[in-house]
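J.: Following is a predicted model, sequence given first.
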Amino acid sequence: MKSGKKIAQRGPSGAAPPPPDWLGKISLPIDEIRAGQPLHRVHQSSFNPIFFGPGPGVPATSRFDCASGRFGVLYAGLTLRGALAETLLRNPQRLMVSSIDIAGRSATSLVSVRPLRVARLHGAGLQGVGTDNAISTGPYEPCGLWSDALWDHNDQPDGLAYQSRHDSSEICLALFERPDIRLTAQETRPLSQMLKELAEVLNIFGKSLSEPSA
């Protein structure tokens, strides 16, 4: 027999709040990425690793893509482990990463010719700007609004730093397509030529790389 009693929602909704009205009036928590520090991208081998997406006329698809469509966003990890986690470990219930998942993908290290100033949207920086860690793990919808708000902020950050959803110990970057940002690709390696290194990273997460089928 159904009681008909409505069960109240337990816990938060899971979505980050939109930028507060007072955000533009404060000084942002800013971290500096030194010039020449390698940033790590895992991408389709056929694509240029320096890509500020989603591209002209393409709707926002990734977490911090600009909500207004005024600028592109490039995603990178501070470490190769972080970049691999965000790319290959998006399904945490899989125990093995298929060779198909690495075919056609490469890892590239990028460097900036000048220091990059990024708003800290993790750790203590979350409370400082008026949000919580759902900005890194929750639905995408509010995140583009944050990109727009930070782009317009008087502090003019080059992007933002956030916690990897798939490895909470790693920090990732969303860099804004500003005219004075100059990135260069130092080295590109196909993942198929990095199997030992990939296996070592996957082992940290209790995962393994499946053998290619005959």
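T.: Structure's in. What do you need? Numbering: from 1, shown residues only.

J.: The host helix or strand of residue 185 packs against which elements?
T.: Secondary structure assignment for residue 185, by DSSP states H and E: strand 183-190. With contacts defined as 3 or more Cβ pairs under 8 Å, 6 or more residues apart in numbering; DSSP states H and E, strand 183-190 has these neighbours: strand 105-112. For the C-beta atoms, the positions are set from N, CA and C on the backbone; glycine is no exception.

J.: what are the pairing partners of the strand it packs on, and which direction each?
T.: Sheet pairing of strand 105-112 (DSSP bridges) gives strand 39-44 (antiparallel), strand 183-190 (antiparallel).

J.: any weak-confidence spans in the chain?
T.: 1-8, 212-214 (pLDDT under 70).

J.: Could I get the buried residue list for the longest helix anywhere in it?
T.: Longest helix in the chain, counting residues (DSSP state H): helix 141-152. Buried residues in helix 141-152, counted by 16 or more other Cβ atoms under 10 Å: 142, 143, 144, 145, 146, 147, 148, 149, 150, 151.

J.: After that helix, which helix or strand is next?
T.: strand 159-163.

J.: what residues does that next one touch?
T.: 31, 63-64, 73-74, 116, 118-122, 125, 133, 135-137, 146-147, 150, 170-176 (Cβ atoms under 8 Å, 6 or more residues apart in numbering).

J.: again, only using 6 Å
T.: 31, 118-122, 136, 150, 171-176 (Cβ atoms under 6 Å, 6 or more residues apart in numbering).

J.: Out of the residues you listed, which sit inside helices?
T.: Using DSSP H, those in helices are 136, 150.

J.: how about the CA coordinates for the longest helix of the chain, as CSV?
T.: Extracted C-alpha coordinates of helix 141-152, given in CSV (Å, rounded to 0.1, in the frame of the first residue of the first chain):
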residue,chain,number,x,y,z
GLU,A,141,25.0,24.6,-17.1
PRO,A,142,26.3,27.1,-14.5
CYS,A,143,29.9,26.7,-15.4
GLY,A,144,29.8,28.7,-18.7
LEU,A,145,28.2,31.6,-16.7
TRP,A,146,31.3,31.6,-14.5
SER,A,147,33.6,31.7,-17.5
ASP,A,148,31.8,34.8,-18.8
ALA,A,149,31.8,36.5,-15.3
LEU,A,150,35.6,35.8,-14.9
TRP,A,151,36.3,37.0,-18.5
ASP,A,152,34.6,40.3,-17.7
